[in-house]
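Q: heads up, no residue letters with this:
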């Protein structure tokens, strides 16, 4: 990392931070594989949805829900819980898989995703699904929403932390930057944003459609504490999230470099898998790779 | 018979109500977008600075932030000019607030063309139509200071999304403080069976003036203050249709999609009668003195009288 990283480190309160041990890392990796399997099963059953962006966010969600977040599946509305806003709401299958594995609702409900009368809507819907903290799907609004949750937390002097997952295409949206101005302005250090930076959107590579680089510098100039990690490395993610939670005085954004379609070889880095109805052959091959 | 009415700025009533709410309920918080002065939320800000948030000129951000705060138990009152608090933020209201039914109260001030000299971009003429068409929204257009205060208090009690539209001009006082306001219950201010005039906002006072004028012509009009456009009081409207046989609506809004349309939808299904809509005839406003604009665009009691005269004459007997 460069001098900017050193600068932010010098502001952070230093604590005796331990890397997660190999056992924990292994468990998280296995869980991530299980989540991917569920995602593919769900999308194969529903024959519609977003495989690419659901697969790229798996490690991020796994680390949050199985290692980091202070939550209680028995009390989805617990006032002191950590919150997650999946601002890139189309990755709902990954969120649902994680919530089911965590015990918010039965695993066998996952295949009802996108079917009529299901509690698992195409994009997260908070009044339909236990464990979903905010309805999302119309890109660009989740960071604002997360700020609102963080503001409420500060007002009530609650110690919960708010996480928000953003898409890279999503940060082309102006409202994201309105919200990005707001977080440091109101000292929302109880908020951590994670950018699932998989570099692709529907119409092509993000840089070709509407370039967002330089991403690190943009967030830095908006007064955020900025970190960059490999978004598929559970250890690195854990460390970055721990640091983010401890950082006082400003919100943190973790730029997580990811691969769209990660975990299924023929989907990795392929634009067409943003939203695709998977064929039986594709389903078979994907599930075989994830077995 | 002419009455001398005292006048009150409904935004003052709004800010007084907010102060009371601030005292009664620590979960009430107030947001604005660089318009603390125009919306008069600055008064709450002075007393409760820790519960007031300015978002600068970023309304979309403000609305979604309110949604997040509401999801954590807060009761955000979000105020801006109606054009910015509604039109500009449609999708944010729809998906962040209305779809999850979050407890956000949006107050759009400067509704209608009586905003005056700022001109069309600052005059909200479509907000009633827009809010009506979004499910789960409650939509209130109070006619005076007392009704404004009561509706703000009622909005805080009600659990769910609310949009309240206020004007800029001070308006004559119609109700006093012991008025029993209820969301969704229209108020019949005058009885009469020759024709009904249903009005909202500042047009209610114009309707009362029209009532007096019509009486001179032996036309006894029923005057209804339709403060809640959604959920609409179907019972009172149907009763008026049955008993008077003709309805005139009056609003400081486009006649397409607003109060007139809302009433017509009920009338056509329940008890079809002849109707006439007084309002902006699908046109933007312009700069001018408020009274001159209301006159030029046909939003005065004389226009209501003309419409009521026609309807009472042409209606099926």
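A: All right, it came through fine. Just so it is clear, the structure is predicted and the values come from calculations on it, not from any experiment.
Q: end to end on stretch A:245-262, go ahead and measure it.
A: Taking Cα to Cα, to the nearest Å as the measure, stretch A:245-262 stretches 27 Å from start to finish.
Q: count of neighbours near whichever residue of chain A sits closest to chain B?
A: Sorted by distance to chain B under Cβ to the nearest Cβ, the residues of chain A start with residue A:148, at 2.3 Å. For the C-beta atoms, the positions are set from N, CA and C on the backbone; glycine is no exception. Neighbours of residue A:148 under the rule other Cβ atoms under 10 Å in any protein chain shown: 36.
Q: and if you look at residue A:153?
A: Residue A:153, neighbours per other Cβ under 10 Å, totals 23.
Q: mind giving me the packing neighbours of the helix or strand harbouring it?
A: According to DSSP states H and E, residue A:153 maps onto helix A:142-155. In terms of contacts (3 or more Cβ pairs under 8 Å, 6 or more residues apart in numbering or on different chains; DSSP states H and E), helix A:142-155 is packed against strand A:83-86, strand A:162-167, helix A:174-185, strand A:191-197, helix B:59-71.
Q: near chain A, which residues of the stretch 51-200 of chain B show up?
A: Residues of the stretch 51-200 of chain B lying near chain A by Cβ under 8 Å from any Cβ of the partner chain: B:51, B:53, B:55-56, B:58, B:60-74, B:76, B:91-92, B:95-96, B:99-101.
Q: make sure residue A:267 is actually in contact with residue A:261.
A: Yes. Under the criterion of Cβ atoms under 8 Å, residue A:267 makes contact with residue A:261 at 3.0 Å.
Q: near chain B, which residues of the stretch 101-250 of chain A are found?
A: So the stretch 101-250 of chain A meets chain B at A:125-127, A:133-138, A:140-142, A:144-153, A:155-156, A:174-175, A:178-179, A:181-182, A:186 (Cβ under 8 Å from any Cβ).
Q: list only buried entries from the residues you listed.
A: A:125-126, A:133-138, A:140-142, A:144-153, A:155-156, A:175, A:178-179, A:181-182, A:186 (16 or more other Cβ atoms under 10 Å in any protein chain shown).
Q: distance of residue A:75 relative to residue B:166?
A: Remark: distance between residue A:75 and residue B:166 (Cβ to Cβ, to the nearest Å) = 40 Å.
Q: so what sits against both of residue A:267 and residue A:261?
A: Residues touching both residue A:267 and residue A:261 (Cβ atoms under 8 Å, 6 or more residues apart in numbering or on different chains) are A:51-52, A:55, A:273.
Q: and the furthest pair within the residues you listed?
A: Pairwise distances across the shared contacts of residue A:267 and residue A:261 peak at 8.2 Å for A:55 and A:273 (criterion: Cβ to Cβ).
Q: so between these two, which is more surrounded?
A: Neighbour totals were compared for residue A:55 and residue A:273, and residue A:55 leads with 30 against 23 (other Cβ under 10 Å).
Q: now the helices for chain B?
A: For chain B, helices defined by DSSP state H occupy the ranges B:10-24, B:36-39, B:42-47, B:59-71, B:82-85, B:90-91, B:127-132, B:145-157, B:203-216, B:234-244, B:259-270, B:290-296, B:301-314.
Q: the stretch 151-291 of chain A now?
A: Listed in chain order, the helices of the stretch 151-291 of chain A (DSSP state H, counting those that start in this stretch) span A:174-185, A:206-210, A:215-221, A:234-246, A:280-289.
Q: report the contact partners of residue B:129.
A: When contacts are counted by Cβ under 8 Å, 6+ apart, residue B:129 touches B:253-254, B:256-258, B:261.
Q: that one and chain A: what is the separation?
A: Distance of residue B:129 to chain A, given as Cβ to the nearest Cβ, to the nearest Å: 21 Å.
Q: check residue B:127 too.
A: 20 Å.
Q: same check, this time on residue B:29
A: Residue B:29 is 7 Å from chain A, by Cβ to the nearest Cβ.
Q: that residue: neighbour count?
A: 25.
Q: swap in residue B:257?
A: Neighbours of residue B:257 (other Cβ under 10 Å): 18.
Q: run a quick check on it versus residue B:128, I expect a contact.
A: Yes. With contact defined as Cβ under 8 Å, residue B:257 reaches residue B:128; the gap is 7.1 Å.
Q: low-scoring stretches of chain A, by residue?
A: A:1-18 (pLDDT under 70).
Q: how about a cut-off of 90?
A: A:1-20 (pLDDT under 90).
Q: who's the most centrally placed residue in it bridged to?
A: Residue closest to the mean C-alpha point of chain A, counted by Cα atoms, centre = their mean, is residue A:165 at 3.8 Å. Taking DSSP bridges as the rule, residue A:165 bridges to residue A:86, residue A:194.
Q: contacts only, for residue B:225.
A: If you count contacts by Cβ under 8 Å, 6+ apart, then residue B:225 has B:143, B:147, B:174, B:186-189, B:199-200, B:204 around it.
Q: before we move on, what about residue B:226?
A: B:141, B:186, B:198-200, B:232-233, B:259, B:263.
Q: hang on, the earlier thing: turn the helices and strands packed on helix A:142-155 into a markdown table, columns for distance to residue B:272.
A: Compiled in a markdown table, these are given as follows (distance: least, Cβ to Cβ, whole Å):
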| stretch | distance to residue B:272 |
| --- | --- |
| strand A:83-86 | 48 |
| strand A:162-167 | 50 |
| helix A:174-185 | 44 |
| strand A:191-197 | 55 |
| helix B:59-71 | 38 |
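Q: quick one: closest of the ones you listed to residue A:43.
A: strand A:83-86 (16.2 Å).
Q: which SSE is immediately downstream of that closest one?
A: Strand A:83-86 is succeeded, C-terminally, by helix A:92-102 (DSSP H and E).
Q: quick check: angle from that following helix to strand A:191-197?
A: Interaxial angle of helix A:92-102 relative to strand A:191-197 (axes from the mean of the first three to the mean of the last three Cα atoms, to 10 degrees): 120 degrees.
Q: does anything pack onto helix A:92-102? Which helices or strands?
A: helix A:22-46, helix A:51-56, helix A:58-63, strand A:83-86.
Q: neighbours of the closest residue to residue A:107 other than its chain neighbours, how many?
A: Nearest-residue entry for residue A:107: residue A:100, 4.8 Å, with adjacent residues in sequence omitted and distances by Cβ to Cβ, 6 or more residues apart in numbering or on different chains. For residue A:100, the count of nearby residues is 22 (other Cβ under 10 Å).
Q: residue A:100 contacts residue A:110, doesn't it?
A: Yes. Using Cβ under 8 Å, residue A:100 is in contact with residue A:110, at 5.5 Å.
Q: hey, what's in contact with both of these two?
A: Residues touching both residue A:100 and residue A:110 (Cβ under 8 Å, 6+ apart): residue A:38.
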